[in-house]
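>>> with the sequence up front, the predicted model follows.
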Amino acid sequence: MSHALKSLNTIFVVFFLSALLVASSTVSFASPISAELQKVVLDDKPEWTVTYRLDKPAEQIVFLRNPDRSRTTRWLPQDSDIEIAYDDASHQEVVRSQSGKPLTTVTFLLTPTYKHLGKDYAPFSPFSDGGNAIHTGRLFACANTCSEEDNEWHLTLTVPSDEHIVLNGKVAQKSVSWIDNNDGRNVYVGKQQPIITENVVALIDAGLPESIKVSLEEDIPKIMAFFSHSLNSLKGEKPMLLASYANVDDHSTQGGTLPNQIFMHWNRQDLDEQANNRNFINQTLWFFAHEVAHLYQPGNTDGVSENNEQSWLHEGNADYFAALAMNFLYEDTSSYVENRTIRAFESCIEGLEQTTLANAYKTGHFNLYYSCGMIMHRAIDNVVQQKTFGEESLFTVWQRLQKAVSKGMPPGTTTFLTLLEPYNAPELMKAINDATRNDALKAIQGIEALYQMNQ
């Protein structure tokens with residue numbers, strides 16, 4: 001895919017041996033539940049359990065994140081009186097006693113395999129050597145009910161003596177306790193040591209095809225350098241990169257960002273074959289660039305979530321910035337980027353014929369925030385450059401958004417659209433307003449107008 005800057009085997013490996021306390025970034029209220037996650041190996045077979053301990057007895061335990069009902073089959077209660085049921089009224093998975101007894105301590109045997117969750121992060125992302133990246137947000141739970149004030153989660157993780165934990169770029173042995181918050185984070189458990197580079201703390205699965213490992217080694221830093229130059233550089237600790245791979249009969253690929261983390265997982269059996277396919281290579285570069293772009297979006301490092309219907313702002317921006325990065329860094333990808341842009345427009349229109357951006361997340365059309373959002377950002381970039389005779393661009397707007405958020409403004413669409421007002425572009429603002437309206441015909445007309453602004 002590209003030439004390596006440096007062999008992974010020659011990069012100096014740094015070990016941080018310390019217990020880690022992750023402090024909450026906001027004033028919040030602790031859930032009266034502690035979650036204890038444990039990995040043990042019995043007869044060479046790893047087993048994962050989670051135990052919830054309540055300060056006070058409760059009628060039920062509910063989970064903060066409920067993208068589907070898969071806990072009901074993948075979490076096995078270790079007490080025959082305990083069950084996880086899906087409540088259709090609240091759309092939540094609920095832990096309760098079948099006999100009606102109050103809950104004080106419950107333990108579940110987990111299924112430590114990859115599970116694709118719609119617009120959420122996989123609970124486990126296995127590495128080919130037996131390691132795992134675990135999304136802590138999957139464990140967040142509350143006694144009786146979760147409120148908006150619940151944003152502090154007490155977690156303990158215990159692992160076998162021959163393995164270690166990597167949390168926020170630091171290594172801990174045996175057991176670590178910390179306070180988590182917001183959307184959680186990915187934690188690595190296994191035997192692989194993190195590799196410290198100039199740009200990231202990396203855990204790259206040794207089982208990945210060589211061309212993908214080389215690309216992770218070279219292209220991620222290259223893309224990060226592009227965004228650091230075009231936007232404001234990242235501050236604070238180096239971000240973590242977790243790249244995992246399970247050679248199984250599947251075709252799933254997932255990536256994402258969490259506070260100061262980029263992660264990606266391949267769950268497919270044809271990766272060696274696909275790794276040298278030009279279209280797959282371009283898709284992978286886009287995949288990398290999209291996820292790296294998220295790191296530079298204001299609010300990302302604080303784990304700030306926005307309303308789902310506003311996701312066109314961050315997902316669309318990441319896709320459009322991926323297009324800009326590929327065009328700038330890889331000359332032979334121009335036709336791929338152009339075709340992908342055309343397809344984004346077509347996909348957006350097709351989707352808007354079935355739903356609107358306001359309702360896309362409710363109807364399972366979350367892909368519209370990527371495709372429609374990309375077309376919206378493309379038009380904004382073109383108009384800003386025209387209005388300023390090329391002196392400014394979409395990067396300028398996002399730099400100002402970064403600055404506004406650093407001063408306390410919310411990182412959502414309201415702040416972003418306010419930053420477009422000085423450009424005096426009423427046609428652009430009307431088209432954006434139409435595209436985001438809960439009216440399918442107006443939304444399609446808005447997207448068509450935005451697309452034509454680049455023709």
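Cool, the structure landed. Just so we're clear, the structure is a prediction, and the values are computed from it rather than from any experiment. Numbering: from 1, shown residues only.
>>> okay, residue 216 and residue 200: tell me how far apart.
For residue 216, the distance to residue 200 equals 9 Å [CB to CB, to the nearest Å]. For the C-beta atoms, the positions are set from N, CA and C on the backbone; glycine is no exception.
>>> now residue 265
Going from residue 265 to residue 200 by CB to CB gives 17 Å.
>>> what of residue 425?
Taking CB to CB, one finds residue 425 at 38 Å from residue 200.
>>> what does residue 445 give?
For residue 445, the distance to residue 200 - CB to CB - is 43 Å.
>>> who has more neighbours out of these two?
Set residue 445 next to residue 200 and count neighbours by other CB atoms under 10 Å: residue 200 wins out with 25 against 17.
>>> so what's the more buried one closest to, chain neighbours aside?
Excluding its sequence neighbours, the residue lying closest to residue 200 (CB to CB, 6 or more residues apart in numbering) is residue 241, at 4.5 Å.
>>> okay, and the beta partners of that neighbour?
With DSSP bridges as the criterion, residue 241 is bridged to residue 202, residue 262.
>>> quick revisit: shared neighbours, residue 216 and residue 200?
Counting by CB atoms under 8 Å, 6 or more residues apart in numbering, the shared contacts of residue 216 and residue 200 are residue 241.
>>> spatially central residue for the chain, please.
For the chain, the residue whose C-alpha lies nearest the mean C-alpha position (CA atoms, centre = their mean) is residue 256; its distance is 2.7 Å.
>>> alpha carbons only: can I get stretch 192-204 in CSV?
Extracted in CSV, the C-alpha atoms of stretch 192-204 (Å, rounded to 0.1, in the frame of the first residue of the first chain):
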residue,chain,number,x,y,z
GLN,A,192,1.2,-7.4,23.0
GLN,A,193,3.2,-4.3,24.2
PRO,A,194,2.3,-0.9,22.8
ILE,A,195,4.6,0.7,20.3
ILE,A,196,5.4,4.3,20.8
THR,A,197,5.9,6.4,17.7
GLU,A,198,6.2,10.2,17.2
ASN,A,199,2.4,10.4,16.5
VAL,A,200,0.6,7.6,18.4
VAL,A,201,0.7,4.9,20.9
ALA,A,202,0.0,1.9,18.7
LEU,A,203,-1.3,-1.6,19.2
ILE,A,204,-1.3,-3.1,15.7
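>>> report the buried residues of that stretch.
By neighbour count on 16 or more other CB atoms under 10 Å, the buried set for stretch 192-204 is 192, 194, 195, 196, 197, 199, 200, 201, 202, 203, 204.
>>> got a markdown table for those, with pLDDT, secondary structure and distance to residue 315 too?
Converted to a markdown table, those look like this (pLDDT from 0 to 100; DSSP: H, G, I helix; E, B strand; the rest coil; distance: CB to CB, whole Å):
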| residue | pLDDT | secondary structure | distance to residue 315 |
| --- | --- | --- | --- |
| 192 | 93 | coil | 31 |
| 194 | 91 | coil | 29 |
| 195 | 87 | strand | 29 |
| 196 | 83 | strand | 30 |
| 197 | 79 | coil | 27 |
| 199 | 77 | coil | 24 |
| 200 | 84 | coil | 22 |
| 201 | 89 | strand | 26 |
| 202 | 91 | strand | 25 |
| 203 | 93 | strand | 25 |
| 204 | 93 | strand | 25 |
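>>> that concludes my questions; thank you for your assistance.
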